[in-house]
Structures are given as structure tokens and as C-alpha cells.
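[1] coords please:
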Amino acid sequence: DVIWWSVPFEGKQTYNARFHRGFVISVTDPQYIETGSGGGYRINNGGNVVANWGTTFIENISSPILLEAVPPSDWVFGYWSDGSTMNPRQLIPTDHTTLYATFKLHLKSNSSTATAPNSQRKVIRDADGRYHAVYESGGEIFYLVSADNGNTWSNEMILSAYPTGLTHANRSPSLTVVDDPHAIFVVWEMYLDGETDRERKVVFSAIDLASGIATMPQEIAHLIFSPPRTFSTVPVIASGVSKEPSHDRYFVFVWYDGTTNTIKGGVARADMTQWYATTNLRTNVTIQPQISIAPISKAPLGLEDGGDETGTGTPWQLAWVENNILMYGDMEVSGALTLNHIFTLAAPTAGAVYEPSATNFGQLSTNLAGIAWGESIGDFAWYVIKYREQQSGTTWNAVTNVWSDLQYGNYRRPSVASSDGSDIVSLTWESVHGQSIRSVQRQATGWSSEVTLAQGINPSASVGYSAGTPGIVLSRGTTTPYAIQASPIVSAPTQPLSI
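    Numbering: from 1, shown residues only. Modelled structure (predicted):
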């Protein structure tokens with residue numbers, strides 16, 4: 001680009017031209033994930049906030065410009081149009097650039113499946129008592145944390161900002177927590193090619209809790225298939241200490257590969273220094289499965305609290321619906337992930353099983369795993385929330401009919417959680433027609449009466465690490481933009497079951 005000038009003509013003279021390299025920078029109106037308006041930009045830490053910066057020629061690229069996106073009240077900064085999540089950010093352009101900021105409404109989503117499905121874990125409690133949550137809005141995955149039992153939450157952090165830009169095609173996040181290193185691990189599904197149903201990815205990110213920094217999304221699996229087929233990978237993730245003599249810490253992840261009709265699993269060390277080969281856990285799964293995993297394995301006694309590394313540890317507990325049969329298996333690490341002790345939890349001869357949710361018990365409990373699910377009975381007119389408990393690797397208690405409704409599909413999407421140091425079970429579900437979140441607890445004297453926690457759908461009950469307790473339920477509100485709400489789990493007097 002040339003800097004032009006004019007001088008008077010005074011006969012023969014010599015002039016020297018000086019050139020600068022410059023670029024045209026356009027900063028346009030902000031965008032909003034949930035419908036909104038307001039906010040704008042501030043330049044170099046000064047001046048008023050303007051709705052857009054317009055088009056500017058930057059002449060001296062050795063002096064960067066500090067550009068800040070300023071969201072309106074009740075909104076938070078989401079990301080820049082080029083995928084950057086830095087705000088404020090320095091502009092040192094190398095080419096003509098057009099930018100805009102995207103803002104998101106705090107604790108709101110424009111997605112009807114923001115906290116779905118129930119088989120995944122959306123909220124978890126770490127050893128320091130903080131709650132961590134994930135949800136989807138605008139096709140992106142967001143993470144936030146609460147230090148006061150879910151009463152207030154941090155601003156959302158976007159996890160699905162890829163180096164190549166934003167896809168706006170992400171859904172179904174699931175999370176777990178690791179104590180050493182102190183981190184949150186998240187997996188989710190990226191669906192590509194829109195509605196052509198030809199491509200899926202399973203994606204992973206880790207949040208370091210000391211720095212608050214998230215890793216760039218990492219691809220775990222990339223599925224391309226023809227002819228098109230509609231399916232979801234429904235990825236789930238868990239962490240814990242293995243049964244190996246070394247008691248190494250791992251995280252494991254499981255998903256459905258619809259191109260080969262296979263449930264697959266992977267495993268990596270908690271410090272992410274070693275990733276093992278993918279394992280085919282179940283083959284010939286021709287109907288879209290629903291998969292749930294207990295998000296934290298039962299560690300060797302004393303290990304998590306700094307004691308001696310003694311005890312046996314337990315495996316990771318997996319439940320899934322396979323061709324209308326509810327199955328269970330436990331997974332261990334032996335060079336790769338293995339699935340063992342496969343057991344049929346429910347196989348209705350009429351009706352169907354739906355939406356399993358898995359938890360496990362703390363290291364001081366005598367029980368191992370608890371599985372909740374929905375089941376339609378007979379002519380599909382009767383819908384029951386059911387629960388079953390594992391006492392040992394081969395011993396299961398009888399099925400408990402926890403709650404029922406005579407209107408088909410009214411009570412569904414259960415989410416189960418357990419408390420370390422006791423056998424208390426918290427079981428929440430959705431009342432579809434009432435659009436409310438209901439809860440019961442199994443205490444020493446029996447199951448409590450039903451409690452309504454909030455108006456909403458798609459609940460996910462929190463699970464605690466080490467001394468944590470299942471204290472809150474994350475759910476999606478009923479009006480748009482949908483509220484992302486955390487409700488404390490409250491107990492009620494015990495009473496006989498309704499069945």
C-alpha cells in the first residue's frame with residue numbers, strides 16, 4: 001500500500017518516497033449464541049464501548065492493537081470469529097482481517113438437548129468441594145465451575161474452539177475429574193456434514209484446575225460412513241485408579257461406532273503421557289445403544305487421601321442397552337481396555353428398556369455399582385423407573401421398582417448418584433408431561449418419598465470424588481433461552497415404594 005502526498009512544483013527536485021506495509025482490519029457487529037443485542041468493543045484499554053469498530057487501516061504493524069470485546073449485562077464473552085478465545089487480544093495482522101466477537105448468555109442455552117442425554121455425566125464434584133459442569137449451546141461445548149454448592153457459577157469457558165476455527169456442530173459432552181493431576185476431562189461428539197449423516201468425531205479436552213487452562217480439542221475417533229446413517233457416538237468418560245500392582249491413574253472413554261456396529265473403548269494415563277490402542281468392547285450392536293459409565297472408579301483404600309497404596313481397587317462400571325437388553329460389564333486396564341463379567345440386568349419380553357445411568361459407591365461402602373433405567377411394561381402403557389445394585393463381581397440384588405406412572409413415557413431419563421462413605425443413593429428423573437425434575441433417596445431405612453426439585457428436563461446428578469457427596473442436579477429449563485439450573489438434592493421422609 002502507498003502513502004500518497006502532494007508537494008508544490010518548484011522546478012527540478014529529487015523526492016524520496018517511503019512505503020509502509022499495512023492491512024485493512026474490519027471489526028463488525030457482535031453475534032449472539034442466544035438471541036440478544038448490545039455490547040461492543042474497546043480499543044487499547046480506553047474510550048467508549050462501540051457497537052463495531054468499522055474498517056481501519058493499520059499502518060504500523062510493529063505496534064499491536066489491544067482489542068477487547070465487552071459483552072452486555074448478564075452476557076459473557078464466548079469466542080472470536082477466527083476461533084480465538086483470548087479477550088482482550090492483541091492484533092498483529094499479517095493480512096487483511098475481518099473479526100467479530102460472539103457473546104453468550106450466562107447459564108442459558110438455545111439447545112433443547114443442552115444437558116442431554118441422561119446416560120452421560122454433566123456435573124461432578126472434586127476433592128476440594130467444587131462442582132464442575134458442561135453443557136451445549138449453539139453447537140459449542142461450554143465448561144463452568146461453582147465453589148459454593150451450585151449457588152453461583154463462573155463465566156463459561158468454551159472447550160470446542162479448534163485451531164482451524166469453530167464448527168458449531170458439537171453436542172453431548174460428558175466429564176470426569178482426576179485428583180492427580182488435578183484436572184477435569186471432557187469428551188463430546190462433533191457431527192459434521194450437517195444432516196447428511198456421513199461423519200462423526202469423538203473429541204477430548206482437559207482443563208488443568210491449577211491454571212484454569214483447557215487443552216485444544218483432541219480427536220479420539222473419526223468416523224466416515226456411506227451410505228448415510230443416523231446415529232450418535234454417545235461418548236462417556238471415567239477416571240480412577242486401576243487394579244494393577246502399581247495403582248496407576250487412568251481415564252477411560254467409551255463410544256459407539258455406527259460404521260461397524262461396535263461399542264469401542266480407549267484408555268490413557270491421567271497425565272496424558274501414554275494413550276493405548278482402541279478396543280472393540282462389543283460387536284454386532286445393530287441398534288443405537290445407550291451407554292453409561294460410573295465416572296470415578298473405586299480406588300484402593302487410603303490412596304486418594306494420601307495413605308498407603310493398599311487395597312485392591314475396583315474396575316470401571318459400564319452399563320448399556322444392546323438391542324433392547326440392558327447389559328453390564330466391568331472394565332480393567334491390561335495394556336488396553338478390557339470388558340469383563342458381562343451380565344444381563346434386564347431383558348423384557350414385552351416393552352423396552354431405556355436410558356441407563358451408572359454410578360459406583362465410595363471406597364468405604366460394601367457395594368460396588370448401582371444402575372438405574374427406565375422400562376416400559378407390557379403394552380407400553382406403564383412406565384417404571386428401576387434400580388439394581390451390585391454387591392460383588394457376580395452378585396446382584398433383585399431389581400427394585402422405584403417409581404411408576406400409568407401414562408406412557410411420563411417418568412423417564414433417570415440419573416443416579418451415590419455418596420462416598422455410605423450406601424445412600426440419590427435417584428432423579430424427568431416427569432415429561434409436568435416438565436419437572438423429581439428425586440428420591442435410598443437411605444438406611446428405605447426409599448424416601450418423591451420430591452420435586454425444579455421445573456425442567458434432562459437431569460444429571462452430581463457424583464463426588466473421594467469425600468464428595470451427590471449434592472446437586474444439573475438440568476435444562478423449560479422456556480427459551482433455556483436456563484441451565486443447578487438444584488440441591490434434598491431428602492424427604494422414607495415411605496413404602498409406590499409399586
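
[2] hey, which helix or strand in the chain has the poorest pLDDT?
    Each helix and strand of the chain was given a mean pLDDT (mean pLDDT, DSSP states H and E); the minimum falls on strand 54-58 at a mean of 62.

[3] partners of the very next helix or strand once past it, with directions?
    Remark: after strand 54-58, the chain's next helix or strand is strand 65-70, criterion DSSP states H and E. Here strand 65-70 has these sheet partners by DSSP bridges: strand 40-43 (antiparallel), strand 89-91 (antiparallel).

[4] now the longest one: buried residues?
    This points to strand 40-43. Neighbour counts using 16 or more other Cβ atoms under 10 Å place 40-43 of strand 40-43 among the buried residues. Heads up, the C-betas are built off the backbone N, CA and C, glycines and all.

[5] how about a markdown table for the residues you listed, with distance to residue 231 and pLDDT added?
    Below are these laid out as a markdown table (distance: Cβ to Cβ, whole Å; pLDDT from 0 to 100):
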| residue | distance to residue 231 | pLDDT |
| --- | --- | --- |
| 40 | 42 | 90 |
| 41 | 42 | 90 |
| 42 | 46 | 88 |
| 43 | 47 | 81 |
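
[6] just name the closest of the residues you listed to residue 85, please.
    Nearest to residue 85 among the buried residues of strand 40-43, counting by Cβ to Cβ, is residue 41 at 16.1 Å.

[7] next, the contact list for that closest one, please.
    Taking Cβ atoms under 8 Å, 6 or more residues apart in numbering as the contact definition, residue 41 lies against 27, 30, 49-50, 52-53, 67-70, 101.

[8] quick check: PyMOL command selecting the buried ones in those residues.
    Selecting only the buried entries of those in PyMOL, with 16+ other Cβ under 10 Å as the criterion:
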select buried, resi 27+30+53+67+68+69+70+101
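
[9] in which helix or strand would I find the spatially most central residue of the chain?
    The residue lying closest to the centre of the chain (Cα atoms, centre = their mean) is residue 173, at 2.9 Å. Taking DSSP H and E as the criterion, residue 173 maps to strand 170-178.

[10] okay, now the unreliable bits of the stretch 1-150 of the chain?
    By pLDDT under 70, the low-scoring segments of the stretch 1-150 of the chain are 1-12, 15, 17-22, 45-47, 53-63.

[11] ok, which stretches of it are helices?
    Remark: no helices are assigned in the stretch 1-150 of the chain by DSSP state H, counting those that start in this stretch.

[12] so how far is residue 203 from the residue nearest to the centre of the chain?
    Note on residue 173: its distance to residue 203, by Cβ to Cβ, to the nearest Å, is 9 Å.

[13] identify the contacts common to these two.
    Counting by Cβ under 8 Å, 6+ apart, the shared contacts of residue 173 and residue 203 are 187-188.

[14] tell me what the residue nearest to residue 97 when sequence neighbours are not counted is bridged to.
    For residue 97, ignoring the flanking residues on the chain, the nearest one in space by Cβ to Cβ, 6 or more residues apart in numbering is residue 25 at 5.2 Å. Per DSSP bridges, the residues bridged to residue 25 are residue 56, residue 97.

[15] run through the residues that contact the residue nearest to the centre of the chain.
    With Cβ under 8 Å, 6+ apart, residue 173 has these contacts: 120, 122, 134-136, 141, 159, 186-188.

[16] would you list the residues you listed in TSV and tack on neighbour count and distance to residue 270?
    Formatted as TSV, those follow (neighbours: other Cβ atoms under 10 Å; distance: Cβ to Cβ, whole Å):
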residue	neighbour count	distance to residue 270
120	26	20
122	29	21
134	30	19
135	27	24
136	25	25
141	27	21
159	26	18
186	24	14
187	28	15
188	26	19
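
[17] in strands only, show me those residues.
    Among these, DSSP state E puts 134-136, 141, 186-188 in strands.

[18] quick check, nearest of these to residue 458?
    Of all the ones in strands among the contacts of residue 173, residue 458 sits closest to residue 135, with 9.5 Å by Cβ to Cβ.

[19] before we move on, the earlier item: out of the strands paired with strand 65-70, nearest to residue 404?
    Evaluated with Cβ to Cβ, the strands paired with strand 65-70 place strand 40-43 nearest to residue 404, the distance being 53.9 Å.

[20] low-confidence ranges, the stretch 301-450 of the chain, go.
    For the stretch 301-450 of the chain, the stretches with pLDDT under 70 are 301-314, 362-366, 378-382, 393, 405-409, 419-422.

[21] where along it do the strands fall?
    Applying DSSP state E, counting those that start in this stretch to the stretch 301-450 of the chain gives strands spanning 316-322, 325-333, 337-346, 351-360, 369-377, 382-390, 400-405, 411-418, 425-431, 436-443, 446-447.

[22] can you put these in CSV and add distance to residue 151 and mean neighbour count?
    Formatted as CSV, those follow (distance: least, Cβ to Cβ, whole Å; neighbours: other Cβ atoms under 10 Å):
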stretch, distance to residue 151, mean neighbour count
strand 316-322, 31, 26
strand 325-333, 36, 21
strand 337-346, 37, 16
strand 351-360, 24, 24
strand 369-377, 27, 23
strand 382-390, 28, 22
strand 400-405, 28, 19
strand 411-418, 19, 27
strand 425-431, 19, 26
strand 436-443, 17, 22
strand 446-447, 28, 16
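
[23] in a markdown table, list those along with distance to residue 128.
    Listed next are these as a markdown table, based on distance: least, Cβ to Cβ, whole Å:
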| stretch | distance to residue 128 |
| --- | --- |
| strand 316-322 | 23 |
| strand 325-333 | 26 |
| strand 337-346 | 29 |
| strand 351-360 | 21 |
| strand 369-377 | 25 |
| strand 382-390 | 29 |
| strand 400-405 | 32 |
| strand 411-418 | 18 |
| strand 425-431 | 21 |
| strand 436-443 | 25 |
| strand 446-447 | 31 |
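
[24] partners of the strand holding residue 173 in the sheet?
    Strands adjacent to strand 170-178 in the sheet, as given by DSSP bridges, are strand 183-192 (antiparallel).

[25] buried stuff in the partner strand?
    For strand 183-192, the neighbour count (16+ other Cβ under 10 Å) marks 183-191 as buried.

[26] one more: stretch 279-298?
    279, 281-282, 285, 289-298.
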